[in-house]
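K.L.:
I would like the atomic coordinates for the input below:
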Amino acid sequence: MLLLVCITTSVGAVDEQARQRANSFYQKARKAFNEGDYATAEPLFLAAARWAPEYPEPHYALAQLMSKTSRPEEAEKHMSLAALRIQQNEAAAGATGTHAGVDDPAKTMALTELVENTLASLKQPNSQSRRATVNVRAALLVIAN
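P.N.:
As a prediction, this is how the structure comes out:
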């Protein structure tokens, strides 16, 4: 029994360290992105996504970055990943009563709708539409608040 408790505590500590590292990468990436330094922001957002794969936020930010740098296919990929993370988090929340990433059901619903709308606009022939960028920005605002 004691071994199980030690293993569980150790895993929890690793998870928390990973989340902290992901948040550090994310905050640095957000700063670079806000300053228009997309070359610096992209690998930092990717690192945040690797360290905390359950969070949708890095993928939203990557979708916005890809949209701004005229890479609609990659923007669509990251919006799809964000949508998948939201669905997985909702399923996990239903099973455990806790949420990973976005912890407000109203935010989750708003984000899901924004992701679906953004994906739809990215699939349009004019995938560089302003509406897609606006939807990604709106999603990021929902996350931030």
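K.L.:
return the residues in contact with the nearest residue to Pro53 once chain neighbours are set aside.
P.N.:
Using C-beta to C-beta, 6 or more residues apart in numbering and skipping the chain neighbours, the partner closest in space to Pro53 is Arg85 (7.8 Å). Where you see a C-beta, it was placed from the backbone N, CA and C, and this is true even at glycine. Counting by C-beta atoms under 8 Å, 6 or more residues apart in numbering, Arg85 makes contact with 53-56, 59, 101.
K.L.:
look up phi and psi at Lys28.
P.N.:
With angles defined as degrees, to the nearest 10, Lys28 sits at phi -60, psi -40.
K.L.:
ok, now which ones touch it?
P.N.:
Going by C-beta under 8 Å, 6+ apart, the list of residues near Lys28 reads Leu44.
K.L.:
gap between it and Pro43?
P.N.:
Counting by C-beta to C-beta, to the nearest Å, the gap from Lys28 to Pro43 is 10 Å.
K.L.:
Leu81 now?
P.N.:
16 Å.
K.L.:
can you give me the neighbour number for Ser24?
P.N.:
Neighbourhood size, Ser24 [other C-beta atoms under 10 Å]: 14.
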